[in-house]
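1. sequence? don't have it. structure:
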Ligand code: GUN
């Protein structure tokens, strides 16, 4: 059996063009273009690339972006002061503090300073708390987990009653995606480095979300035939045959797992492109909230 691909490039493009249309109508109705502020502390090269991509994506859908770079030596107070300044700026609808922050800064304290109605990453403790509670709704859903859910919807996966296994319990992906799957009435198991007999637990999954950051860890014989596999991992592995000297692989051994699963996301081109698409959607929503809509 060969799995069907869940195409993140195509789905992300659909989301981005919807947002672009909404922004055009918004501006035509006399509103200012939605604005996203990005805060980058330090010079982590991967974070620099992500932030640039986010700014470029804003421009492509007609949104403003405002980039703020602080040195790695910035103090807690300096970072928090910048966030407070952005909270007060009406041109800024969404605030994104790129993570991880350099060692020594208290991430939770910084995220807590972001005005909840501008928390387009959905990482404010109040947003996450609401995500975790029955009958409450967060204002924003974290972008990568949100993208995973849109891809599952795109593939027509029935989550209610399904057994879902999440590999990884990070604040950015594993934990929030587990909470979203619970909200969608799946029965969810979260696995991590201390999980015993991981392969046997994974083999139970109708829906598997791998977000563990270990190249090709999930093998073909770990996966239940007919499962749906969402691979969040983006790992560099050495490959002398490539001009760059490396290639990108997921947390799932794609060539093996595609023979067993019913649906699978490729890497690259699966979850990756969805993160920025969902950020744009959240930023547009933030502009609506700011306008009382
Ligand atoms: N670092 C890795 N992923 C993300 C993300 O989605 N948002 C932010 N702010 N930082 C990240």
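-> Noted; the coordinates are in hand. Everything quoted here is computed from the prediction, not taken from an experiment.
2. for the chain, what spans make up the helices?
-> 8-28, 45-60, 76-87, 107-113, 125-131, 143-154, 174-183, 198-202, 254-257, 272-290 (DSSP state H).
3. Provide the contact partners of the second one at residue level.
-> Residues from elsewhere that reach helix 45-60 (Cβ atoms under 8 Å, 6 or more residues apart in numbering): 16, 20, 36, 38, 40, 64-65, 67, 96, 98-100, 276-277, 279-280, 283. Yep, even glycine has a C-beta here, placed from its N, CA and C like the rest.
4. Next, the angle helix 272-290 makes with that helix.
-> If you take axes from the mean of the first three to the mean of the last three Cα atoms, to 10 degrees, helix 45-60 sits at 60 degrees to helix 272-290.
5. ok now helix 45-60, how far from the chain's centre?
-> Centre-to-centre, helix 45-60 and its host chain are 14 Å apart (Cα atoms, centre = their mean, to the nearest Å).
6. Likewise for the shortest one?
-> For helix 254-257, the gap between its own C-alpha mean and the chain's C-alpha mean amounts to 23 Å (Cα atoms, centre = their mean).
7. Mind listing what's buried along that helix?
-> 254, 256, 257 (16 or more other Cβ atoms under 10 Å).
8. about what we covered before: could I have the buried ones of the contacts of helix 45-60 as PyMOL selection syntax?
-> Entered in PyMOL, the line below selects the buried ones among the contacts of helix 45-60, by 16+ other Cβ under 10 Å:
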select buried, resi 16+20+36+38+40+64+65+96+98+99+276+277+279+280+283
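9. The contacts of helix 45-60 also near the ligand: which ones?
-> With Cβ under 6 Å from any ligand atom as the criterion, those include 96, 98, 99 near the ligand.
10. what's across from the first one in the sheet?
-> Note on residue 96: beta-bridge partners by DSSP bridges are residue 38.
11. check contacts around it.
-> Residue 96 touches 36, 37, 38, 39, 54, 120, 121, 279, counting by Cβ under 8 Å, 6+ apart.
12. Look at residue 84 and say how many residues are nearby.
-> Look at residue 84: counted by other Cβ atoms under 10 Å, it has 13 neighbours.
13. Give me the spatial nearest neighbour of it, chain neighbours excluded.
-> residue 113 (6.2 Å; Cβ to Cβ, 6 or more residues apart in numbering).
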